[in-house]
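Colleague: Prediction below, plus the sequence it came from.
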Amino acid sequence: MKTLKLFIGSGFGSGYLPKFPGTWGSLFALIPIYYLIKLGNWYAVPAFVLVTSILTLWVSKTCEEEWGEDPGKLVMDEWAGQAVVFISIFFSGHLQMDFITLATGFILFRIFDILKPLGIDKLQKSGGGMGILADDLLAGLYALISLKSLIFVWPQ
């Protein structure tokens, strides 16, 4: 069970990649997110956020015991936060525009997750699985608001 939890916590191995595991985790999360959006079901991405959040809470204690407090290899929280960015985003069906939307959402999330402005840093300090997860969910929310604002002012 421990090996399974570490594998899931590492974002199915993406957290093991060298240098910047959070960025790798967020990048790998775009693969299922893209296909969930393409499904066209309004609930697919919120369900993904819920599942990845529950998984983060489930594996975080084991990951911290193995890798230390709020370990970099634990990136399932990045998967959850990255998915929040795309909760109400729809694709145009034009591959280039869809790629730009994904890339912009990814960059915005990484900016908020790395810089931790507007109270994100305080959530991270709350400790444990909830602290590990909550800062990424808030970073995802700020990135979602930013992405929606960009789409509104720059629709095409």
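Modeller: Received it, and whenever you're ready, just let me know what you need. Numbering: from 1, shown residues only.

Colleague: Just list what the helix or strand bottoming out on mean pLDDT in the chain packs against, helices and strands only.
Modeller: Using mean pLDDT, DSSP states H and E, helix 120-124 stands out as the lowest-scoring helix or strand of the chain, at a mean of 81. With contacts taken as 3 or more C-beta pairs under 8 Å, 6 or more residues apart in numbering; DSSP states H and E, helix 120-124 sits against helix 128-153. Yep, even glycine has a C-beta here, placed from its N, CA and C like the rest.

Colleague: Give me the buried stretch members for the helix it packs on, please.
Modeller: 129, 131-144, 146-147 (16 or more other C-beta atoms under 10 Å).

Colleague: how near is Ser34 to Phe28?
Modeller: Not Ser; residue 34 is Tyr. 11 Å (C-beta to C-beta, to the nearest Å).

Colleague: who's more crowded, those two?
Modeller: Phe28 (20 against 15; other C-beta atoms under 10 Å).

Colleague: Just give the nearest non-adjacent residue to the more buried one, would you?
Modeller: Spatial nearest neighbour of Phe28, excluding adjacent residues (C-beta to C-beta, 6 or more residues apart in numbering): Ser14 at 3.9 Å.

Colleague: Run through the residues that contact the one you found.
Modeller: Ser14 makes contact with Pro21, Trp24, Gly25, Leu27, Phe28, Ala29, Val75 under the criterion C-beta atoms under 8 Å, 6 or more residues apart in numbering.
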